[in-house]
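Visitor: Show me how the following folds:
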Amino acid sequence: MDFDLTAVLTTWPVPAAVASVAILAIFYRPLARLVDRIRHVRAIGASLDAGGQTAPTPPGASSALLQAAGNQADGKDARTNADAVLGSLPRNEFIAQREGAIADLLTKNGVPAGDHEQRARVLLAVCAFAGVTVELERVYSTIFGSQIRLLEALNVQEPLPREQLKPFYTEGAAQHPEFFKKYSFDQYLTYMTATGLIEIKDQTATITLKGRTLLTFLIQEKKPPRTG
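Guide: Residues are numbered from 1 along each chain as shown. Coordinates of the predicted model:
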């Protein structure tokens, strides 16, 4: 199994437990490579090429988990409910091998199989962190550089009138004129709201917690600038 634990330890803030960092290291690179290969996903109101821009959709496995978790559980014990959630997820031999590797890592880092409470605590943190990391990678793979600068502007001074965001759109259009001929200012902002990076109410824009988290992620991960 080939992964660089040192690189993960120096990335943006992670759960304190060493075990959680080690577990994430197993998955981070393959997931990031997978995100970069995504070419077509449907945005709200439009279907665009990922070489230009799309609003990423949630991964299928996550959707299945959320759907199972939303089912009525009245009168069922915890084991039955857990089996229902797990049964909604893809299962194969490779995933089973990874589960074994995670269990070994937990044990080696002082979180033994018998300590169910601490294992659940670590795995919950890892699940949340891994999910957020993949989500931010997906956004980074589709966002325009001008939209990142839009976020930076809102992060410094908010709220801003919607019309004051138009110079960022104009900046992107200057770099990719052919694409922007068929990509309106409304679509440009729809991407930002559909991905949850900003909110627009009463013609006024504000940055969201997710938007600020993305900016932190880009700095900590030393992501190269995006065009557009």
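Visitor: Can you list phi and psi of residue 161 for me?
Guide: The phi/psi pair for residue 161 (degrees, to the nearest 10) reads phi -60, psi 140.
Visitor: Same question for residue 111.
Guide: Per degrees, to the nearest 10, the backbone of residue 111 is at phi -120, psi 80.
Visitor: Just to check, it is in contact with residue 122?
Guide: Yes - contact status for residue 111 versus residue 122: in contact at 5.7 Å, counting by CB atoms under 8 Å. In short, each C-beta sits where N, CA and C put it, glycine included.
Visitor: Report the buried residues of the biggest helix by length in the chain.
Guide: Among the elements of the chain assigned as helix by DSSP state H, the one spanning the most residues is helix 116-140. By 16 or more other CB atoms under 10 Å, the buried positions in helix 116-140 come out as 119, 122-123, 125-126, 129-130, 133-140.
Visitor: Domain-wise, how is this structure divided?
Guide: 5-140, 145-220 (automatic domain parsing).
Visitor: Can you name the residues that contact residue 154?
Guide: By CB atoms under 8 Å, 6 or more residues apart in numbering, the contact set of residue 154 is 160, 198, 205-207, 211.
Visitor: ditto for residue 118
Guide: Per CB under 8 Å, 6+ apart, neighbours of residue 118: residue 111.
Visitor: where do the strands sit along the protein?
Guide: Applying DSSP state E to the chain gives strands spanning 40-43, 46-49, 160-161, 198-201, 204-207.
Visitor: tell me which helix or strand of this structure sits lowest on mean pLDDT?
Guide: Using mean pLDDT, DSSP states H and E, strand 40-43 stands out as the lowest-scoring helix or strand of the chain, at a mean of 34.
Visitor: give me phi/psi at residue 195?
Guide: Taking degrees, to the nearest 10 as the convention, residue 195 sits at phi -90, psi 0.
Visitor: Quick check, it in contact with residue 139.
Guide: Yes - counting by CB under 8 Å, residue 195 touches residue 139, with 5.5 Å between them.
Visitor: For residue 212, which non-adjacent residue is spatially closest?
Guide: Among residues not flanking residue 212 along the chain, residue 155 sits closest, at 6.1 Å (CB to CB, 6 or more residues apart in numbering).
Visitor: so who does that neighbour touch?
Guide: Counted by CB under 8 Å, 6+ apart, residue 155 has contacts 207, 211-212, 215.
Visitor: Do I have it right that residue 136 meets residue 211?
Guide: No - at 10.6 Å, residue 136 does not count as touching residue 211 under the criterion of CB under 8 Å.
Visitor: and residue 79, how many neighbours?
Guide: 8 (other CB atoms under 10 Å).
Visitor: Return the distance of it relative to residue 86.
Guide: 10 Å (CB to CB, to the nearest Å).
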